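Asker: here is my input, please return the structure:
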Amino acid sequence: MPEPSKNSRTTASRTNAAASQRLKMRRELAAAATELFATKGYEATTVDEIAAAAGVARRTFFRHFRSKEEAIFPDHDETLVRAQAVLEAAPPHENPLDTVCRGIKEVMKMYASSPKGSVERYKLTREVPALREREIASVARYERLFTRYLLGHFDEAAHRDGDDDPLLAEVAASAVVTAHNHVLRRWLRGGGIGDVEGQLDHAFAIVRRTFGTGFGANRPSRPAPAETERSGEVLVTVTRTDTPLPEIMATIERALERT
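Answerer: Reported below is the predicted structural model:
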């Protein structure tokens, strides 16, 4: 494979630097907004004051945020992109629900990267209805992303009356988001202390036990959980990736007994 040209490497480097600078500016504006909201009050704080506290002009503020309530959520756009990248790079053998769980971990990492700031933001969203509505809108974007991903693993044209796959995809996506938000809120109420990713893994285990093996359960064309074929000294087993290991082993044992 040919090496990237010097010009392409330079362009990529400049693009990354610009993105990094943009995120840095957004975070500085967010920090200024959060402090002013906490000390002066949300209603009494103006965009001009936020910009001045961050050392920039009003027009710079509006290059990064459309409103002052949006200013305390600087990382959601980039986090949504990272979550989507996780979905797009998922290995073909991975259970779609496991992929979604990995995707939403990007959101938790965002909060966990700055516990103090996340706790302050949580307190503000509890007190200010406009900020709470903005937070709900942000959560809805993740839920739509994960629902589309799960639905993408089904053939929409094949859906029939009684086929619960679309319902299962939406409910499972909601369950993943709900589990994440439950753990996140508990962590934030506790001051942002503790192994939040470990708590999240425990919550996801509950979601997987409930939904993880149900996809495609009602499809008439679904193949048997495990099928075997023997050719000479070779035994071939075909199975779904979400088939429990004991079931696969039992199928293989039965096939060997027949030979």
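Asker: please name the residues that touch residue 143.
Answerer: By Cβ atoms under 8 Å, 6 or more residues apart in numbering, the contact list for residue 143 reads 173-174, 177. No exception for glycine: its C-beta is placed from N, CA and C like everyone else's.
Asker: go again using 6 Å as the cut-off
Answerer: 173, 177 (Cβ atoms under 6 Å, 6 or more residues apart in numbering).
Asker: the regular element (helix or strand) spanning it: what's the following helix or strand?
Answerer: If you go by DSSP states H and E, residue 143 is part of helix 129-151. Next in sequence after helix 129-151, counting helices and strands by DSSP H and E, comes helix 165-189.
Asker: got the angle for that next one vs helix 129-151?
Answerer: With axes from the mean of the first three to the mean of the last three Cα atoms, to 10 degrees defining the directions, helix 165-189 sits at 140 degrees from helix 129-151.
Asker: just how off-centre is the helix or strand hosting residue 104 within its chain?
Answerer: Assigned by DSSP H and E, residue 104 belongs to helix 96-112. Distance of helix 96-112 from the chain centroid (Cα atoms, centre = their mean, to the nearest Å) equals 4 Å.
Asker: buried residues, the helix holding residue 143. List them.
Answerer: 131, 134-135, 138-139, 142-143, 145-147, 149-151 (16 or more other Cβ atoms under 10 Å).
Asker: stretch 122-131 now?
Answerer: Neighbour-count burial for stretch 122-131 [16+ other Cβ under 10 Å]: 122, 124-125, 128, 131.
Asker: can you list contacts of stretch 19-26?
Answerer: 64, 74.
Asker: now stretch 31-51
Answerer: 53-54, 58, 61, 68, 71-72, 120, 124, 128.
Asker: same thing but at 8 Å, please
Answerer: By Cβ under 8 Å, 6+ apart, stretch 31-51 touches 29, 53-54, 57-58, 60-62, 68-69, 71-72, 117, 120-121, 123-124, 127-128, 130-131.
Asker: okay, the buried residues of helix 129-151 in JSON lines with distance to residue 82 and pLDDT next?
Answerer: Below are these laid out as JSON lines (distance: Cβ to Cβ, whole Å; pLDDT from 0 to 100):
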{"residue": "131", "distance to residue 82": "23", "pLDDT": "87"}
{"residue": "134", "distance to residue 82": "20", "pLDDT": "86"}
{"residue": "135", "distance to residue 82": "19", "pLDDT": "86"}
{"residue": "138", "distance to residue 82": "14", "pLDDT": "84"}
{"residue": "139", "distance to residue 82": "16", "pLDDT": "83"}
{"residue": "142", "distance to residue 82": "11", "pLDDT": "88"}
{"residue": "143", "distance to residue 82": "16", "pLDDT": "86"}
{"residue": "145", "distance to residue 82": "11", "pLDDT": "91"}
{"residue": "146", "distance to residue 82": "13", "pLDDT": "88"}
{"residue": "147", "distance to residue 82": "18", "pLDDT": "86"}
{"residue": "149", "distance to residue 82": "14", "pLDDT": "89"}
{"residue": "150", "distance to residue 82": "18", "pLDDT": "84"}
{"residue": "151", "distance to residue 82": "21", "pLDDT": "81"}
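Asker: CSV for the residues you listed, including distance to residue 46?
Answerer: Formatted as CSV, these follow (distance: Cβ to Cβ, whole Å):
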residue, distance to residue 46
131, 16
134, 17
135, 21
138, 23
139, 27
142, 30
143, 33
145, 33
146, 37
147, 38
149, 40
150, 43
151, 43
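Asker: show me which of those residues is closest to residue 100.
Answerer: residue 146 (4.7 Å; Cβ to Cβ).
Asker: skipping adjacent residues, who's closest to the closest one in space?
Answerer: Spatial nearest neighbour of residue 146, excluding adjacent residues (Cβ to Cβ, 6 or more residues apart in numbering): residue 173 at 4.2 Å.
Asker: nothing else from me, thank you.
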